[in-house]
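>>> next input, structure requested:
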Amino acid sequence: MDTRLTITQRKALQIIRDDPGVRPREFARAMWPDSPGWKRFVQCGPKGSHQGGGMYRAGGAYMGKLARLADPPLIARTYSGRFDTGYRLTTAGYKALRED
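Numbers count the residues shown, from 1 in each chain. Coordinates of the predicted model:
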């Protein structure tokens, strides 16, 4: 596998390496702490809203992109029984961080 990582991809993999089991909300907070998206309100439910919800989606989307970036995948979702416990680096992810 010859995966050349961009600076952003490397930062994302380091965040996941340092916090195994990270979920999209915590990932987005670590990846983009100063983004103006944290101040925006998004709708949640028919009569509710909350601040920063779009950032959770951005974090989840970026993690999904990382999971599909290479074969074998650099990150993978982990489960405890039937419950999702977040994302972790795979062996290929650790190798990609060491290669650059």
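
>>> most centrally placed residue in the chain?
Nearest to the geometric centre of the chain sits Met63, at 3.5 Å (Cα atoms, centre = their mean).

>>> so how far is Arg57 from that residue?
11 Å (Cβ to Cβ, to the nearest Å). For the C-beta atoms, the positions are set from N, CA and C on the backbone; glycine is no exception.

>>> do the same with Lys95
Going from Lys95 to Arg57 by Cβ to Cβ gives 29 Å.

>>> which strands or helices does the helix or strand containing His50 pack on?
Here His50 sits within strand 49-51, counting by DSSP states H and E. For strand 49-51, the packing partners by 3 or more Cβ pairs under 8 Å, 6 or more residues apart in numbering; DSSP states H and E come out as strand 41-43.

>>> which residues touch the strand it packs on?
49-54 (Cβ atoms under 8 Å, 6 or more residues apart in numbering).

>>> what's the answer for stretch 28-35, then?
Where contact means Cβ under 8 Å, 6+ apart, the residues beyond stretch 28-35 that reach it are 11-12, 15, 19, 22, 38, 55-56, 58-59, 62.

>>> in these, which has the lowest confidence score?
Taking the contacts of stretch 28-35 together, the minimum pLDDT is found at Tyr56 (88).

>>> which residues sit in contact with that one?
Tyr56 touches 24-25, 28, counting by Cβ under 8 Å, 6+ apart.

>>> by neighbours, which of these wins?
Counting neighbours by other Cβ atoms under 10 Å, Ala28 comes out on top of those with 26 neighbours.

>>> for Glu99, see how far away that residue is.
26 Å.

>>> returning to that earlier point: just the buried ones among the contacts of strand 41-43, please.
52-53 (16 or more other Cβ atoms under 10 Å).

>>> which single one of the contacts of strand 41-43 is nearest to Leu5?
Gly54 (25.4 Å; Cβ to Cβ).

>>> ok, then the element right after the host helix or strand of the closest one?
Assigned by DSSP H and E, Gly54 belongs to helix 53-68. In the C-terminal direction, the helix or strand that comes right after helix 53-68 (DSSP H and E) is strand 75-80.

>>> how far off centre is that next one?
Relative to its chain's centre, strand 75-80 lies at 12 Å (Cα atoms, centre = their mean, to the nearest Å).

>>> since that was my last question, I'll sign off now.
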